[in-house]
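Q: When you get a sec, could you give me coordinates for this:
(one chain, ligands or ions: 1)
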Amino acid sequence: MVRAGRSGLRVAVLFLDLDYFKTVNDSFGHATGDALLVQVGTRMRSILRENDTLARLGGDEFAVLLTDLADVDEAVSVATKLLTSLQASYRLQDQDVYSGGSLGLAFYPDDAQDSDTLLRYADLAMYQAKQAGRGAYACYSQEMDRRVHEDMQLHTRLKEAIAQGILKLHYQPQVDVESGAVVGAEALLRWHDPVLGDVSPSRIIPIAEATGLILPLSDWVLETACEQIAAWAQAGTPLRVAVNFSAQQFRQRNLPEKVRAALERTGAQAQWLGIEITESVAMTQPEQAREQLNALVALGCSVALDDFGTGYSSLAYLKALPVSKLKIDQSFMKGIPHDANDVAISRAIIALAHSLGLTLVAEGVETDAQLAFLRQYGCETYQGWLFAKAMEPGDLTEQHLANQTCLSELDFEFELAQ
Ligand SMILES: [Mg+2]
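A: Numbers count the residues shown, from 1 in each chain. Next up, the predicted model:
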């Protein structure tokens with residue numbers, strides 16, 4: 001670095017981590033894993049120049065030091081060559097084994113002025129490359145560091161928010177397309193942090209999942225939604241509340257027991273609890289998902305498949321799952337009625353659901369034209385800003401439920417009179 005500084009050149013640190021190395025160790029044994037590491041070292045060495053430094057840092061992590069670089073592109077070109085050479089198969093125990101790598105780059109003097117920071121930044125960039133889908137490289141950017149600090153701060157504050165009971169559930173009404181009556185509500189997480197302001201669930205959930213906070217958070221959501229179900233039932237305005245189950249929450253072995261206990265503690269009846277899991281959660285391990293869902297349905301809950309159409313669904317499994325509803329993802333609603341693809345996909349989802357005996361909820365409905373489309377093709381229920389945003393439970397009771405009870409009582413009296 002001192003030499004580069006004097007001559008106005010750059011130094012690059014390349015941080016490489018093998019993809020799926022653990023799988024190789026687990027399936028072929030550690031001796032084979034070690035043999036793979038030796039071959040990786042040989043391949044990397046063959047790409048590098050005489051005066052480049054290659055090191056194995058530990059495990060399946062390697063680092064390369066490139067010195068006297070005129071520009072950044074030289075290092076990127078080395079990174080690309082390294083990744084390409086690692087992608088070819090390895091011959092191990094008479095078998096072809098594949099284990100590419102993910103690589104991060106950081107530069108002196110551009111990114112950092114000392115070696116510790118440079119190495120840390122290269123590692124951070126490697127982590128980004130992994131997250132972006134492996135087998136690729138990423139260059140460090142200040143944005144990455146900012147993101148890591150933000151995530152750390154978010155994690156700390158989320159932990160406090162859970163402990164202090166600052167989080168809230170808001171409820172977005174689900175409305176009958178034909179009658180306009182509120183037939184249910186989706187419970188959605190709301191967090192207003194005194195320092196960070198409003199933090200959206202799309203930021204909260206990944207942090208919670210990465211840090212293990214997702215399970216206590218999920219427990220709290222379930223418990224709070226059940227309390228609300230019981231409160232609405234007691235007030236004479238019972239309403240089905242849909243709760244989103246996260247992937248980790250859904251895979252807990254004792255989940256049905258947890259749900260049963262939450263219902264019992266709060267006095268909520270299972271028939272008013274709807275469970276939403278995403279298509280990808282249901283389809284990743286469909287056999288386990290089916291068992292889990294069967295146990296939940298046996299309690300009396302109903303299940304909806306969320307974000308339908310955005311993941312991969314096996315139709316055979318879809319038929320076998322005890323699901324009663326599909327939720328059409330809001331990304332398809334956006335293009336209705338003018339985008340021919342969105343129209344075709346939404347119509348196909350509606351037809352598919354009906355032929356399997358399922359009902360539908362459309363998400364993200366914002367215009368009258370979208371509602372007219374849903375009415376025309378027989379989608380039963382919708383939610384979205386056209387009707388209402390998610391709101392505090394008290395507001396939902398006041399604005400919609402109280403009113404509606406009067407209406408249904410009137411209907412009832414009318415029927416009696418007839
Ligand atoms: Mg949902």
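
Q: mind listing what's buried in the longest helix that the chain contains?
A: Scanning the chain for the longest helix, with DSSP state H as the assignment, gives helix 142-164. Residues of helix 142-164 classed as buried: M144, D145, L154, H155, R157, L158, A161, I162 (neighbour count, 16 or more other C-beta atoms under 10 Å). C-beta: built from backbone N, CA, C; applies to glycine.

Q: helix or strand right after that helix?
A: Later in the chain than helix 142-164, the nearest helix or strand by DSSP states H and E is strand 168-176.

Q: helices or strands next to whichever helix or strand comes after that following strand in the packing?
A: The C-terminal neighbour of strand 168-176 among helices and strands, as given by DSSP H and E, is strand 182-193. Helices and strands touching strand 182-193, by 3 or more C-beta pairs under 8 Å, 6 or more residues apart in numbering; DSSP states H and E, are helix 142-164, strand 168-176, strand 197-199, helix 201-211, helix 214-234, strand 240-244.

Q: low pLDDT regions in this protein?
A: 403-418 (pLDDT under 70).

Q: Get me the contact residues on the protein for the ion.
A: N244, E276, D306 (C-beta under 5 Å from the ion).

Q: could these be laid out in TSV, adding neighbour count?
A: Listed next are these as TSV, based on neighbours: other C-beta atoms under 10 Å:
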residue	neighbour count
N244	22
E276	20
D306	25
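
Q: Which one of the residues you listed is nearest to G5?
A: Nearest to G5 among the residues of the chain next to the ion: N244, at 52.8 Å, using C-beta to C-beta.

Q: Tell me who's in contact with that closest one.
A: By C-beta atoms under 8 Å, 6 or more residues apart in numbering, the contact set of N244 is E186, A187, L188, V221, E276, I277, D306.

Q: Identify the farthest-apart pair in these.
A: Taking C-beta to C-beta, no two of the contacts of N244 sit farther apart than L188 and I277, at 15.3 Å.

Q: List the contacts of the longest helix of the chain.
A: Residues outside helix 142-164 that contact it (C-beta under 8 Å, 6+ apart) are 121, 124-125, 128, 166-167, 191, 193, 195-196, 199, 203-204, 207-208, 210-211, 213, 216-217, 220.

Q: coming back round to it: more neighbours: L188 and I277, which one.
A: Per other C-beta atoms under 10 Å, whichever of L188 and I277 has more neighbours is I277, with 26 against 19.

Q: Is it correct that the more buried one is in contact with V303?
A: Yes. Using C-beta atoms under 8 Å, I277 is in contact with V303, at 7.1 Å.

Q: hey, what's in contact with both of those two?
A: What both I277 and V303 touch, as defined by C-beta under 8 Å, 6+ apart, is the set L293.

Q: and L118, that one's in a helix?
A: Yes. Under DSSP: H, G, I helix; E, B strand; the rest coil, L118 sits within a helix.

Q: Now the residue in the stretch 51-200 of the chain positioned nearest to the ion. Nearest residue, chain neighbours left out?
A: Using C-beta to the ion, the single residue of the stretch 51-200 of the chain nearest to the ion is E186, 5.6 Å away. Computed as C-beta to C-beta, 6 or more residues apart in numbering, the closest residue to E186 that is not its neighbour in sequence is A242, at 4.5 Å.

Q: hang on, isn't the one you found packed against A187?
A: Yes. Checked against C-beta under 8 Å, the pair A242 and A187 is within contact range at 6.7 Å.

Q: residue in the stretch 101-250 of the chain nearest to the ion?
A: Closest point on the stretch 101-250 of the chain to the ion, by C-beta to the ion, is N244, at 4.6 Å.

Q: Could you report the distance from that residue to G335?
A: Between N244 and G335 the distance is 24 Å, computed by C-beta to C-beta, to the nearest Å.

Q: Quick check: closest non-adjacent residue to Q330.
A: G364 (2.6 Å).

Q: now do I345
A: Going by C-beta to C-beta, 6+ apart, I345 has F332 as its nearest residue, at 5.3 Å.

Q: Which residues are in contact with the one you found?
A: So, once contact is read as C-beta under 8 Å, 6+ apart, F332 ends up touching G309, D342, I345, S346, I349.

Q: Also E366?
A: With C-beta under 8 Å, 6+ apart, E366 has these contacts: M333, G384, W385, L386.

Q: Quick one: mark the members of these that sit in helices.
A: Per DSSP H, these map to helices at M333.

Q: What about the residue lying closest to V199 once chain neighbours are set aside, how many residues nearby?
A: Of all residues not flanking V199 in the chain, W191 sits nearest, at 4.8 Å (C-beta to C-beta, 6+ apart). Residues lying near W191 (other C-beta under 10 Å) number 20.

Q: and what of L66?
A: Neighbour count of L66, defined by other C-beta under 10 Å: 21.
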